[in-house]
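Peer 1: Give me a model of this one.
(one chain, ligands or ions: 1)
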Amino acid sequence: KSYCALDGFYEMYDTIGSGGFAKVKLGVHCLTGEKVAIKIMDKKQLGDDLPRIRLEIDAMKSLSHQNVCKLFQVIETDAKIFMILEYCPDGELFDYIVERDRLTEDEARHFFRQIVAAVAYIHHKGFAHRDLKPENLLLDDDQQLKLIDFGLCAKPKGGMNSHLETCCGSPAYAAPELISGKCYLGSEADIWSMGVLLYALLCGYLPFDDDNIAILYRKIQCSHLQSGIYEKPEWLSESSMEMLDQLLQVDPKRRITVAQLLHHPWVLQDCNPSYNVQWESIYQTKELDDECVTEMAVSVGKSRKAMHSILSDWSYDYNTATYLLLWKRKQLSKSVRLMRDQ
Ligand SMILES: COc1cccc(Nc2ncc(-c3ccc(C(=O)NCC(=O)Nc4ccccc4)cc3)c(OCC3CCNCC3)n2)c1
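Peer 2: From the prediction side, this is the model:
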């Protein structure tokens, strides 16, 4: 089914994922030939969730980081909202772990450093994710992770005390204070989920799991021990176990913070000291890249000055998408050339 709103701008291919109210299809941006993920939402189906989509779109416009999935364009018709997003060719981290049973400590660290970078960045920007899990971490073609929020759970960092909020997280990754309905800080809950994630990377299964949700909750909470009861398989190193214990602290006030994580010896192990966790964005979205602006100006027969002022508006239209895709290609030291026949 082709949507006329995209005709000539994007080709649409098969569905790569669907959640409650959204469907994601593989797409191609015609002018650059680059693959994109097209998230399609039906306004009627969204109902009173529509304002949350607008909040997410505004949030994504302010997020620009090498480990956070990028928004390129928003197209709104009277019935649909299309989000043109960064496509990650190697799929979910979840499948990557399942295929390998479990990862070595070094490989787990390679991914965990990127997760810490992405979470430190969105916390720095004032957001908590609240649904960190391997399905929401996607791989691009050089083992770089991209954080996504497929289920619309990312929120301002402040606490949420309504129990209903737990509905959008995934129970096995949910922090004890989140499932007990207490007032909690999204940023502290994210640290717990990173502990569950690291455990899944190192072990290939979950630290707290049970088909019965009540038993699962009890395993997560068992507050009489400082950290929840979870099995520590013999292949875990001492330093890995200590890292897990600091993340999976039942009391959120005793839990390690993301700032401490950035300098934790386990996270920095085997990395030359200069290579700290790159939590700052490598993108300076403010100043535009001259080569990309020029290529776009030439391809539409506009002056560089005119194209520069169009792009400076960051209106997340086709021009914004073309610029960001060209820029991304330049980062991968690929050619910055557009199809010229159009
Ligand atoms: C088997 O899947 C495969 C196999 C092979 C390749 C791919 N590639 C591939 N690339 C890109 C996507 C995608 C990106 C972003 C968003 C999104 O919703 N962004 C919004 C967003 O990230 N907000 C946000 C982020 C951070 C903070 C605040 C807000 C949605 C989809 C994708 O989806 C497929 C789904 C399937 C179900 N699990 C989740 C992924 N899949 C996927």
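
Peer 1: CA only for contacts and neighbour counts going forward, please
Peer 2: Fine.

Peer 1: check which helix or strand covers Glu99.
Peer 2: helix 93-100 (DSSP states H and E).

Peer 1: How about stretch 49-66, which residues are buried there?
Peer 2: Using 16 or more other CA atoms under 10 Å as the test for burial, stretch 49-66 gives 50, 53, 56-57, 59-61, 63-66.

Peer 1: Helices - which of the residues you listed land there?
Peer 2: 50, 53, 56-57, 59-61 (DSSP state H).

Peer 1: residues in contact with Val298?
Peer 2: Arg304 (CA atoms under 8 Å, 6 or more residues apart in numbering).

Peer 1: starting at the chain centroid, how far to whatever helix or strand it lives in?
Peer 2: Using DSSP H and E, Val298 maps to helix 290-300. Taking the mean of its C-alpha atoms, helix 290-300 sits 30 Å from the chain's own mean (CA atoms, centre = their mean, to the nearest Å).

Peer 1: could you give me the average pLDDT of the longest helix along the chain?
Peer 2: Criterion DSSP H: the longest helix present in the chain is helix 105-124. Regarding helix 105-124, the rounded mean pLDDT is 96.

Peer 1: Kindly report the same for stretch 78-90.
Peer 2: 97.

Peer 1: now stretch 19-31
Peer 2: 93.

Peer 1: ok but Val24 is inside a strand, no?
Peer 2: Yes. The assignment for Val24 is a strand, going by DSSP: H, G, I helix; E, B strand; the rest coil.

Peer 1: in the stretch 101-250 of the chain, what residue is nearest the ligand?
Peer 2: Ile148 (3.3 Å; CA to the nearest ligand atom).

Peer 1: Confirm for me that that residue is in contact with Leu137.
Peer 2: Yes. Using CA atoms under 8 Å, Ile148 is in contact with Leu137, at 6.2 Å.

Peer 1: can you pull the contacts of the residue of the stretch 101-250 of the chain closest to the ligand?
Peer 2: Taking CA under 8 Å, 6+ apart, one finds 68-69, 136-138 in contact with Ile148.

Peer 1: do Lys133 as well
Peer 2: Contacts of Lys133 (CA under 8 Å, 6+ apart): 170, 173, 193-194, 197.

Peer 1: so which of those residues comes closest to Gln221?
Peer 2: Tyr173 (12.1 Å; CA to CA).

Peer 1: Please identify the helix or strand for Gln73.
Peer 2: strand 71-76.

Peer 1: what's that strand packed up against?
Peer 2: Where contact means 3 or more CA pairs under 8 Å, 6 or more residues apart in numbering; DSSP states H and E, strand 71-76 is packed against strand 80-86, helix 318-331.

Peer 1: could you say what helices and strands the shortest one packs with?
Peer 2: Here strand 80-86 is seen to pack against strand 34-42, strand 71-76 when contacts are counted using 3+ CA pairs under 8 Å, 6+ apart.

Peer 1: most packed of the ones you listed?
Peer 2: The highest mean neighbour count among the helices and strands packed on strand 80-86, using mean count of other CA atoms under 10 Å, belongs to strand 34-42: a mean of 22.

Peer 1: avg pLDDT for the helix or strand just after that strand?
Peer 2: Downstream of strand 34-42, the next assigned helix or strand under DSSP H and E is helix 43-46. In this model, helix 43-46 has an average pLDDT of 92.

Peer 1: Name the SS class of Ile16, please.
Peer 2: strand.

Peer 1: Neighbours of it, how many?
Peer 2: By other CA atoms under 10 Å, the residues close to Ile16 number 13.

Peer 1: Leu85 too?
Peer 2: Residues near Leu85, counting by other CA under 10 Å: 23.

Peer 1: would you turn the ones in helices among the buried residues of stretch 49-66 into JSON lines with distance to the ligand and pLDDT?
Peer 2: Converted to JSON lines, these look like this (distance: CA to the nearest ligand atom, whole Å; pLDDT from 0 to 100):
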{"residue": "Leu50", "distance to the ligand": "14", "pLDDT": "92"}
{"residue": "Ile53", "distance to the ligand": "10", "pLDDT": "92"}
{"residue": "Glu56", "distance to the ligand": "6", "pLDDT": "91"}
{"residue": "Ile57", "distance to the ligand": "8", "pLDDT": "95"}
{"residue": "Ala59", "distance to the ligand": "6", "pLDDT": "91"}
{"residue": "Met60", "distance to the ligand": "6", "pLDDT": "94"}
{"residue": "Lys61", "distance to the ligand": "9", "pLDDT": "94"}
